[in-house]
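A.B. asks: Sharing a model prediction with you, sequence too.
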Amino acid sequence: MPKMMINGQEVEVEAGITVLQACEQVGIEIPRFCYHERLSIAGNCRMCLVEMERSPKPVASCAMPVAEGMVIHTNTPMVEKARKGVMEFLLINHPLDCPICDQGGECDLQDQAMTYGFDRSRFAENKRAVEDKELGPLVKTIMTRCIHCTRCIRFAEEIAGVSVLGATGRGEHMEIDTYVEQTVNTEVSGNLVDLCPVGALTSKPYAFTARSWELRKTESIDVLDAVGSAIRVDSRDREVMRVLPRLNEDVNEEWINDKTRHACDGLRRQRLDQPYIRRKGKLEPASWNEAFAAIAAKLKGLSGERIAAIAGDLADCESMLALKDLMAGLGSPHLDCRQNGAAVDPGQPASYRFNTTIAGIEAADACLLIGTNPRWEAALVNTRLRKRHRMGGFQVAAIGPAIDLTYPVENLGDSPKVLEALVAGRHPFAEALKKASQPMLILGEGALAREDGPAILGLAHKLAEATGMVGEKWNGFNVLALAASRVGGLDLGFAPAKGGRDVSAILEGAGKGEIEAVYLLGADEIDMGRLGKAFVIYQGHHGDAGANRADVILPGATYTEKSATYVNLEGRVQRTNLAVFPPGDAREDWAILRALSAVLDKQLPYDSLTQLRERLAGANPVFATEDVVEGAPWGKFGGSGAVKDAPFVYPIANFYMTDPISRVSPTMAACTEAFVLPARGKTGTDG
């Protein structure tokens, strides 16, 4: 490890890092615009200039590697003059529109101009103007503000994996533009706004709505997919204004996908803000007492064998546990949290978790994707797979329809029969998996929701064991859950008890009249037409499919309106925090179930969230710790029947509309129109 002097202090630093990184390690701040820790080094802005002994001029610290005996000064008159000169150049053409710029108050250029800049400009010529570019419905451009740091170009190329941005011209005539006027078609394009150090790229849906200092900031997690990205919810009064990423190296690093970021405008549309009861075929407003009385009149005296419950994709663990306890009190064994019918084993956590962990992807050296499109099912998992590809020595193959995942993938076909050949060792890629030191597979829920799902799970289990994917320190078997509630619900045992029905059997029983009452806890993804004449209780927050079918509606809270527990696809326990209060008469979901249980004379044994969380930890020890992933024991699971030759079909046909919140979001509707519908027109398909 080389030793060097920084501002008269001798330090020992890691070989291969830059001078800028070495300065940060000893607590010295170096200004920068083009440098970013997760992007390649460009050395464009020159704001990070420092003085190096025996160098005739200042050096760019972001591009200068450390060396033994190097002597660096960051606070000399030469450095101060250089920084003021660079800032003066950067501001030559910059418009004086800070009062109306959405970046105001959180702008790197604004902050560094105050700290390191000059108090006047010697430039007297007219400022240049640059035409704004059209990047799609999410990113607004004011390109006259651009300082050519090229962060956006490097992010699109390196992280997102879409080569759509580039620079044309030289010097003063340089412009950032898209190739042949394309839009930035990637699921993580909103991160461009976070990366831009000036106001050249801002959020189009958020434009001119609020200032950063007006907003109340609440740390939370995203629940619109199963990744559990760390987010910050910015709210004003009772309205969520925007969602931004938080740093979590183990999950989302510092990125979030566009649905996480921009679907928040759906939180206040088509909301259920009071109870409803269906009278003479029409839903009419009611009080809580009237709604509970209607439910009690139906359920009291009804055998538990004729009552069922289904938990939806956004249900939190507290409400699922309360509903499970209520169903047990009513004597019903019929409950399930797998709306899509995925054939995982509730008794074997390894059969439904992402056992490698998201960060663990970086240690793998071969990967097989089975019936999954991670780019749409878990965009941040896909960016991590791309990151591993860019590190080199990573072979990826897929069984399923050929698609662009932003990194090279060897397509092995779309038939499950290929999986049989891999297990039998008849396929060449089986040898590649055996040769890999840490191979992994990712099994999609779309592959498990088929009729032959148990057999596919069994084949994947055999393949993992046959190719050495599972050992003492490595588990390469992964199931890519689609819903935020899935892993938590299975950890709680929200699945059919002995003699109980799963989702498919519940719907079949309701259609035949064998199930007379169905409790839908935010369940909107099932076929409502199969519920027959069953009495349907819907507890949720949006007027989606479940509310349209319901006989009684109980208004619940969204993930931004409650403190709730979720478990992400790795098995990591996470919590949302209340950012705004629910509208109208809507209440937290567990509190609704607690109140209902008292009316049904099946009172639940907890009166507070603290008591309920103690019950959670008692139900499964995994809930006793937060933000920790404990490895699941490896066991036997999956069926042994024959698989069908029908090709795999990916479960998500539209990334931007997968849940009740995103389906009513105007921004997600604009993204669908801009990105999804044109793609369908080109391929002539609906998927």
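C.D. replies: In hand now; what should we look at? Values in this document were obtained by computation on a predicted structure and should not be read as measured data. Numbers count the residues shown, from 1 in each chain.

A.B. asks: mean confidence for stretch 582-590?
C.D. replies: Averaging pLDDT along stretch 582-590 gives 96.

A.B. asks: Contacts for that stretch, please.
C.D. replies: 238, 268, 271-275, 288, 315-316, 318-319, 321-322, 521-522, 539, 541, 555-558, 561-562, 564, 609, 612 (CB atoms under 8 Å, 6 or more residues apart in numbering). Quick note: C-beta positions are derived from backbone N, CA and C, even for glycine.

A.B. asks: repeat that for 6 Å
C.D. replies: Contact partners of stretch 582-590, identified using CB atoms under 6 Å, 6 or more residues apart in numbering, comprise 271, 273-274, 318-319, 322, 555-557, 561-562, 612.

A.B. asks: and the end-to-end length of it?
C.D. replies: 14 Å (CA to CA, to the nearest Å).

A.B. asks: got it, and stretch 134-152?
C.D. replies: By CA to CA, one end of stretch 134-152 lies 14 Å from the other end.

A.B. asks: Distance from the chain centre to it, please.
C.D. replies: 24 Å (CA atoms, centre = their mean, to the nearest Å).

A.B. asks: Quick check: buried residues in that stretch?
C.D. replies: Across stretch 134-152, burial judged by 16 or more other CB atoms under 10 Å covers 135-142, 144-152.

A.B. asks: So among the contacts of stretch 582-590, which ones count as buried?
C.D. replies: The buried subset of the contacts of stretch 582-590 - by 16+ other CB under 10 Å - is 271, 274, 318-319, 322, 555-557, 561-562, 612.

A.B. asks: Okay, and which of the contacts of stretch 582-590 map to helices?
C.D. replies: The members of the contacts of stretch 582-590 that map onto helices under DSSP state H are 318-319, 322, 612.

A.B. asks: just curious, which of those residues is nearest to L457?
C.D. replies: S319 (27.7 Å; CB to CB).

A.B. asks: separation between the closest one and L604?
C.D. replies: Distance of S319 to L604, given as CB to CB, to the nearest Å: 11 Å.

A.B. asks: before we move on, the earlier item: identify, from the ones in helices among the contacts of stretch 582-590, the entry nearest to E673.
C.D. replies: Relative to E673, the closest of those is S319; by CB to CB it sits at 34.0 Å.

A.B. asks: residues contacting A350?
C.D. replies: 632, 634.

A.B. asks: where does it land in three-state SS?
C.D. replies: helix (DSSP: H, G, I helix; E, B strand; the rest coil).

A.B. asks: Let's see the pLDDT reported for it.
C.D. replies: 96.

A.B. asks: which residues of the stretch 401-550 of the chain fall in helices?
C.D. replies: In the stretch 401-550 of the chain, the helices defined using DSSP state H, counting those that start in this stretch lie at 417-424, 428-435, 445-448, 453-466, 486-491, 503-512, 545-549.

A.B. asks: ok, and what's touching the shortest one?
C.D. replies: For helix 445-448, the surrounding residues in contact (CB under 6 Å, 6+ apart) are 342-343, 370-371, 456-457, 482, 648, 650-651.

A.B. asks: just how off-centre is it within its chain?
C.D. replies: 19 Å.

A.B. asks: all helices for the stretch 551-687 of the chain, in order.
C.D. replies: Using DSSP H, counting those that start in this stretch, helices in the stretch 551-687 of the chain cover 589-599, 609-619, 660-663, 666-671, 677-683.

A.B. asks: Buried residues in the second one, which are they?
C.D. replies: By neighbour count with 16+ other CB under 10 Å, helix 609-619 contains the buried residues 609, 612-613, 615-616, 619.

A.B. asks: The residue nearest to D601 when sequence neighbours are not counted: how many residues sit nearby?
C.D. replies: Ranked by CB to CB, 6 or more residues apart in numbering and with sequence neighbours excluded, the top spatial neighbour of D601 is K300, at 7.8 Å. Per other CB atoms under 10 Å, the neighbour tally for K300 reads 12.

A.B. asks: Quick check: phi and psi on K300?
C.D. replies: phi -70, psi 130 (degrees, to the nearest 10).

A.B. asks: do L90 as well
C.D. replies: Dihedral angles for L90 - degrees, to the nearest 10 - are phi -60, psi -30.

A.B. asks: Pretty sure it sits against I147.
C.D. replies: Yes: taking contacts as CB atoms under 6 Å, L90 lies within contact range of I147: 5.2 Å.

A.B. asks: Need the pLDDT of the nearest residue to Y606 once chain neighbours are set aside.
C.D. replies: In this structure, Y606 finds its nearest non-sequential neighbour in L612, 4.5 Å apart by CB to CB, 6+ apart. On pLDDT, L612 comes in at 97.

A.B. asks: do the same with L244
C.D. replies: 97.

A.B. asks: just the one 3 residues further on next, same as before
C.D. replies: Per-residue confidence at L247 stands at 96 (pLDDT).

A.B. asks: Does it touch W255 like I think?
C.D. replies: No: counting by CB under 6 Å, L247 stays clear of W255, with 10.0 Å between them.

A.B. asks: Between the two, which has more neighbouring residues?
C.D. replies: A direct count of neighbours by other CB under 10 Å for L247 and W255 places W255 higher, at 22 against 9.

A.B. asks: Now tabulate the buried residues of helix 609-619 in JSON lines and tack on distance to D491.
C.D. replies: Converted to JSON lines, the buried residues of helix 609-619 look like this (distance: CB to CB, whole Å):
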{"residue": "L609", "distance to D491": "19"}
{"residue": "L612", "distance to D491": "15"}
{"residue": "R613", "distance to D491": "14"}
{"residue": "R615", "distance to D491": "14"}
{"residue": "L616", "distance to D491": "10"}
{"residue": "A619", "distance to D491": "8"}
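
A.B. asks: quick one: which of those residues is nearest I506?
C.D. replies: Nearest to I506 among the buried residues of helix 609-619, with distances taken as CB to CB, is A619, at 22.2 Å.

A.B. asks: Once you drop chain neighbours, what's closest to that closest one?
C.D. replies: Counting by CB to CB, 6+ apart, the residue nearest A619 is L492, at 5.7 Å.

A.B. asks: that older thread, quick one, which of the helices of the stretch 401-550 of the chain is nearest to F675?
C.D. replies: Comparing these by CB to CB, helix 445-448 comes nearest, at 20.5 Å.

A.B. asks: Let me see the mean pLDDT of that closest one.
C.D. replies: Here the average pLDDT along helix 445-448 is 94.

A.B. asks: Can you verify A308 is assigned to a strand?
C.D. replies: Yes: counting by three-state DSSP, A308 is part of a strand.

A.B. asks: gap between it and L554?
C.D. replies: Counting by CB to CB, the gap from A308 to L554 is 17 Å.

A.B. asks: More neighbours: which of those two?
C.D. replies: A side-by-side neighbour count of A308 and L554, using other CB under 10 Å, places A308 first with 30 against 27.

A.B. asks: pLDDT value on that one, please?
C.D. replies: Residue-level pLDDT assigned to A308 equals 97.

A.B. asks: give the contact list for it.
C.D. replies: Applying CB under 6 Å, 6+ apart, the residues near A308 are 334, 506, 515, 518.

A.B. asks: mind checking how far M440 is from R613?
C.D. replies: Taken as CB to CB, the span from M440 to R613 is 33 Å.

A.B. asks: how near is the closest residue to A378 other than its chain neighbours to M143?
C.D. replies: Using CB to CB, 6+ apart and skipping residues adjacent in sequence, the residue nearest A378 is V227, 5.2 Å away. Taking CB to CB as the measure, V227 falls 32 Å from M143.

A.B. asks: now swap in G169 and tell me
C.D. replies: Distance, G169 to M143, using CB to CB: 12 Å.

A.B. asks: Looking at the ones in helices among the contacts of stretch 582-590, which two lie furthest apart in space?
C.D. replies: Going by CB to CB, the pair spanning the ones in helices among the contacts of stretch 582-590 furthest: S319 and L612, at 9.4 Å.
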